[in-house]
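Trainee: I would like to see how this sequence folds:
(one chain, ligands or ions: 1)
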Amino acid sequence: MVQSGILTAQGHDITFIDAIASRMSAEHAIDRIRAAKPDAVLALTGDASWSNDVRFLRRLGAAGLTPQLILSGDVPRFEAQRAFTDIPDAQAILTDFTDLGAAAFWANDPQPPGIIDRTGTEHPATTRRWSSPSARHDLIAMNAYRLPFHAGQPFASVLVNYGCPFSCTFCNTGELGYKLRDIGEAIEELRLVHSLGYRAVYIRDATANGQRTHWLSFCRTLAQQNLDLQWNVFCTFRPFDAQLAHAMADAGCRIVQFGFETASESLRGETGKPFSNEAAQAAVRYCHEAGIRVCGHFVLGLPGQDEREILETATFARKLDLDYASFNLATARPGTHLREHTQSGQLPGGDASADGFVDGFTDLSQQALKRLRRQAIVRFYLRPRPIRTIVDGFGPGTWRHLATTARAFSRAF
Ligand code: SF4
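Mentor: Residues are numbered from 1 along each chain as shown. The predicted structure is shown next:
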């Protein structure tokens with residue numbers, strides 16, 4: 001998405017295809033690509049869909065439709081050799097999607113920033129801040145994406161800051177570094193999505209308040225624009241304070257997502273967030289006082305977690321007085337410490353979509369973990385506040401909102 005703006009500014013004509021969001025069959029996607037007659041292809045792949053991505057890109061290659069193929073995504077980024085082996089047509093890997101590497105590679109630049117070439121040489125990204133024109137939101141199908149927030153309204157995705165300053169054992173985003181974007185440029189992109197008719201935005205930062213002063217300044221500048229946009233975003237719950245919560249609310253923030261991960265402070269510290277439960281409670285309170293709803297994210301099945309700890313985590317989620325909660329099973333994504341852990345310990349492996357890693361870290365079986373997750377979800381949502389949160393969202397997009405919420409539930413059962 002970010003690359004659509006960068007490549008357009010570099011003089012390329014763009015065809016944007018999100019076959020998954022548009023529910024296209026492989027045949028339909030290939031027909032669309034053939035019709036576009038591409039001179040070059042940039043493909044986003046991922047661990048959760050890797051086996052399908054490989055099969056599709058090989059099929060595309062056999063049809064002669066992968067000229068100058070560059071891969072993006074976590075498998076190529078962290079396991080380049082595997083990606084080049086599995087997808088022989090790949091010419092390069094884009095390791096930093098905010099950089100000019102893809103355009104530079106296609107222009108035969110010998111040092112394309114943020115690129116790994118087929119020799120395995122990594123050309124580092126060049127900038128500590130990132131700057132790019134707005135993404136081509138006009139190419140995106142407005143109704144293709146779903147979130148259980150904003151009463152089912154269509155939303156645009158906008159990135160303000162790239163990467164994350166933390167490093168959690170189960171997440172690879174911290175391995176990307178952290179780059180701030182020029183505030184004026186980010187506001188310009190929000191103006192653009194507003195002009196296209198969006199009234200809801202998913203600010204896609206992994207940790208928006210990774211540098212507090214920059215984030216506060218962004219929120220204050222946005223509030224002055226009177227853009228009538230409501231948005232959700234991920235933040236770290238420490239440091240997080242009342243001043244920040246109020247500035248975010250004034251700028252249109254309606255939902256903050258925090259990764260609390262577990263009820264155990266020591267386990268949370270071991271995974272990379274040495275923050276107390278008291279800080280978690282305070283962050284939720286600051287948000288509610290500012291009129292912002294809170295979605296908490298938890299990880300079940302981390303090394304060191306037993307059934308008792310998972311039950312305590314589910315209780316903690318209820319005690320935090322959250323509006324939404326997401327209970328996720330631990331997986332060993334490429335580039336994470338957990339991946340190293342599974343590989344060095346020869347624990348069971350597989351891709352996240354096949355749940356191959358979910359029972360690799362604890363003595364609990366995959367079935368037990370899934371049962372505990374179902375319990376946590378049911379006990380969290382069958383209470384007044386979360387039900388009120390869902391019902392409060394009723395409005396013009398009610399059916400869409402309900403369908404999105406039901407689909408989110410059904411994935412866990
Ligand atoms: S889990 Fe969140 S805070 Fe931790 S590295 Fe990933 S994005 Fe950063």
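Trainee: Output the longest helix belonging to the chain.
Mentor: In the chain, taking DSSP state H as the definition, the longest helix is helix 366-381.
Trainee: Check for me that residue 135 belongs to a strand.
Mentor: No: per DSSP: H, G, I helix; E, B strand; the rest coil, residue 135 lies outside any strand segment and is coil.
Trainee: Once you drop chain neighbours, what's closest to it?
Mentor: residue 5 (4.4 Å; Cβ to Cβ, 6 or more residues apart in numbering). The C-beta positions use only the backbone N, C-alpha and C, and glycine is treated the same way.
Trainee: Can you mark which positions in whichever helix or strand that neighbour is part of are buried?
Mentor: Per DSSP states H and E, residue 5 falls inside helix 2-9. Across helix 2-9, burial judged by 16 or more other Cβ atoms under 10 Å covers 2-8.
Trainee: and which of these is nearest to residue 67?
Mentor: Using Cβ to Cβ, residue 7 is the member of the buried residues of helix 2-9 that lies nearest residue 67, at 14.8 Å.
Trainee: quick one: contacts for the closest one?
Mentor: By Cβ atoms under 8 Å, 6 or more residues apart in numbering, residue 7 lies in contact with 14, 42, 102-103.
Trainee: Let me see the confidence value for it.
Mentor: What the model reports for residue 7 is a pLDDT of 97.
Trainee: mind checking how far it is from residue 68?
Mentor: Counting by Cβ to Cβ, to the nearest Å, the gap from residue 7 to residue 68 is 12 Å.
Trainee: Tell me the residue of the stretch 201-350 of the chain that sits nearest the ligand?
Mentor: residue 206 (3.7 Å; Cβ to the nearest ligand atom).
Trainee: That residue belongs to a strand?
Mentor: No: Residue 206 is assigned coil when assessed by three-state DSSP, not a strand.
Trainee: Near the ligand, which residues of the protein are found?
Mentor: 164, 166-168, 171, 173-174, 206-207, 236, 259, 272 (Cβ under 6 Å from any ligand atom).
Trainee: One more pass at 8 Å, please.
Mentor: Within reach of the ligand by Cβ under 8 Å from any ligand atom, the chain has these residues: 164-168, 170-174, 206-207, 210, 234, 236, 259, 261, 271-273.
Trainee: Return the subset of those residues lying in helices.
Mentor: Going by DSSP H, the helices hold residue 271 from those.
Trainee: thinking again about what came up before, same list (the contacts of residue 7) but as TSV, adding secondary structure, neighbour count and pLDDT.
Mentor: What follows is the contacts of residue 7, written out as TSV (DSSP: H, G, I helix; E, B strand; the rest coil; neighbours: other Cβ atoms under 10 Å; pLDDT from 0 to 100):
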residue	secondary structure	neighbour count	pLDDT
14	coil	14	96
42	strand	22	98
102	helix	25	97
103	helix	19	97
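Trainee: If you average the pLDDT over stretch 264-279, what comes out?
Mentor: 96.
Trainee: Need the residues that contact that stretch.
Mentor: When contacts are defined by Cβ under 8 Å, 6+ apart, stretch 264-279 is touched by residues 166-171, 174, 236-238, 240, 259-263, 299, 302, 304-305, 309, 312-313, 316.
Trainee: Now the element after the strand or helix carrying residue 75, going C-ward?
Mentor: Element membership for residue 75 (DSSP H and E) is helix 74-78. As assigned by DSSP H and E, the chain's next helix or strand after helix 74-78 is helix 80-86.
Trainee: mean confidence score for that next one?
Mentor: What helix 80-86 shows for mean pLDDT is 97.
Trainee: What of stretch 49-61?
Mentor: For stretch 49-61, mean pLDDT is 95.
Trainee: Could I get the contacting residues of the nearest residue to residue 197 once chain neighbours are set aside?
Mentor: Once flanking residues are discounted, residue 197 sits nearest to residue 142: 7.2 Å by Cβ to Cβ, 6+ apart. The contact partners of residue 142, by Cβ under 8 Å, 6+ apart, come to 154, 196-198.
Trainee: returning to that earlier point: just the pLDDT at the residue of the stretch 201-350 of the chain closest to the ligand, thanks.
Mentor: Reported pLDDT for residue 206: 97.
Trainee: rewinding a little: and the helix or strand that comes right after the longest helix of the chain, what's buried?
Mentor: Scanning forward in sequence from helix 366-381 by DSSP H and E, the next helix or strand is helix 384-392. Residues of helix 384-392 classed as buried: 386, 389-390 (neighbour count, 16+ other Cβ under 10 Å).
Trainee: Go through the buried residues of helix 2-9 and say which is closest to residue 57.
Mentor: Looking across the buried residues of helix 2-9 and measuring by Cβ to Cβ, the closest to residue 57 is residue 3, at 17.1 Å.
Trainee: Pull the contacting residues for that closest one.
Mentor: Neighbour list for residue 3: 42, 72, 94, 97, 102 [criterion: Cβ under 8 Å, 6+ apart].
Trainee: where's residue 187 relative to residue 155, distance?
Mentor: 17 Å.
Trainee: Between the two, point out the one with more neighbours.
Mentor: Legend: neighbour count by other Cβ atoms under 10 Å for residue 187 and residue 155, higher for residue 155 (23 against 18).
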